[in-house]
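Engineer: Build the 3D model from these lines:
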Amino acid sequence: MHDRLVTPQQAGMRLDRFLAAADEVGTRARAERLIETGEVLVDGDRRPKSFRLVEGATVTFPEPEPATLDLEPVDIDVPVLYEDGWLMVVDKPAGQLVHPVPGHRGPTLVHALLGRTGGGEAARPGIVHRLDRETSGLLVVARDDRTLGRLQGMLRRRSISRTYAALVRGRPASRSGTIEAPIGRDRRDPARVSLDTDNPRDAVTHFSVVELLPRHALLDVNLETGRTHQIRVHLAAIELPVAGDSVYGVREPGLKRQFLHAARLAFPHPFSGERVEVESPLPADLQEFLDRLAS
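Structural biologist: Modelled structure (predicted):
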């Protein structure tokens with residue numbers, strides 16, 4: 001771990017900006033990620049990214065990520081559903097990590113796209129947003145720094161529409177609804193995300209019913225914000241747990257993963273402004289499970 005003392009010149013600086021300025025961190029995105037996961041302490045306490053530092057405070061943060069410039073491309077079939085000179089929209093298979101993480105450095109989506117994407121951190125070139133390992137579906141990735149910056153700005157401004165197909169156990173009380181509940185790392189179990197957190201971040205999820213089944217419901221879920229595990233945590237909070245989700249939901253015989261698929265992605269092109277709309281049908285494993293329930 002690194003300890004960094006706040007100088008008089010840095011007094012009043014936001015925690016995320018202070019951290020991003022450290023050579024060992026290097027980017028605002030990584031600074032925010034470390035703060036969100038509870039890996040940054042100010043005088044021994046977790047603080048939100050907007051926390052204003054005082055002179056003499058000690059900021060503690062982890063060692064830098066291992067160098068990843070030695071990443072080698074891996075021949076993995078990842079469908080590309082849209083592509084131009086600035087960006088791609090890819091259809092990530094279930095079971096595949098988006099980028100290397102401690103304890104698992106490959107193969108990932110980054111390995112499959114190496115040389116075709118760019119911008120941002122060496123460990124995750126071109127990555128604009130992420131999906132859980134067991135969530136399949138659509139991701140937009142950038143080819144260069146300029147495009148990455150524009151897409152990340154659009155994501156912050158909520159100009160990128162992301163719609164998921166989610167099968168839940170239970171029957172919603174209404175045909176549509178909005179879940180607005182801040183979430184963050186659980187105060188007792190930092191491996192989980194929950195509403196019971198010391199570092200809440202605004203999170204808003206919209207849903208509508210596509211199909212009602214005897215014990216389940218198929219939902220369209222639209223993210224207004226994109227917090228870690230947001231859909232899974234929010235649906236569990238209203239007693240509609242995602243089918244097959246072993247962490248927040250319920251196990252289902254015959255379903256080997258969570259029934260969550262990033263089905264539609266829509267946004268104005270970051271340079272031309274033309275509308276980009278991409279859809280991905282349910283993968284075979286999820287469609288087959290849904291067909292069995294409906295039969």
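Engineer: Give me the most central residue, this structure.
Structural biologist: Arg130 (4.0 Å; CA atoms, centre = their mean).
Engineer: and the spatially closest residue to it that is not a sequence neighbour, how many neighbours?
Structural biologist: Using CB to CB, 6 or more residues apart in numbering and skipping the chain neighbours, the partner closest in space to Arg130 is Val98 (4.6 Å). For every residue, glycine as well, the C-beta is placed using N, CA and C. The local packing of Val98 (other CB atoms under 10 Å) involves 19 other residues.
Engineer: any idea how far Ala262 is from Val98?
Structural biologist: As for Val98, its distance to Ala262 is 12 Å (criterion: CB to CB, to the nearest Å).
Engineer: Overlap of the contact sets of these two?
Structural biologist: Lys92, Leu131, Leu139 (CB atoms under 8 Å, 6 or more residues apart in numbering).
Engineer: would a markdown table of those with secondary structure and pLDDT be doable?
Structural biologist: Listed next are these as a markdown table, based on DSSP: H, G, I helix; E, B strand; the rest coil; pLDDT from 0 to 100:
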| residue | secondary structure | pLDDT |
| --- | --- | --- |
| Lys92 | strand | 96 |
| Leu131 | coil | 94 |
| Leu139 | strand | 97 |
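Engineer: Pull the distance from the helix or strand encompassing Asp285 to the chain's centre.
Structural biologist: Using DSSP states H and E, Asp285 maps to helix 284-294. Centroid displacement of helix 284-294 relative to its chain, using CA atoms, centre = their mean, to the nearest Å, is 26 Å.
Engineer: three-state assignment of Gly149?
Structural biologist: helix (DSSP: H, G, I helix; E, B strand; the rest coil).
Engineer: In which helix or strand does the residue lying closest to it once chain neighbours are set aside reside?
Structural biologist: Spatial nearest neighbour of Gly149, excluding adjacent residues (CB to CB, 6+ apart): Gly119 at 7.4 Å. Assigned by DSSP H and E, Gly119 belongs to no helix or strand.
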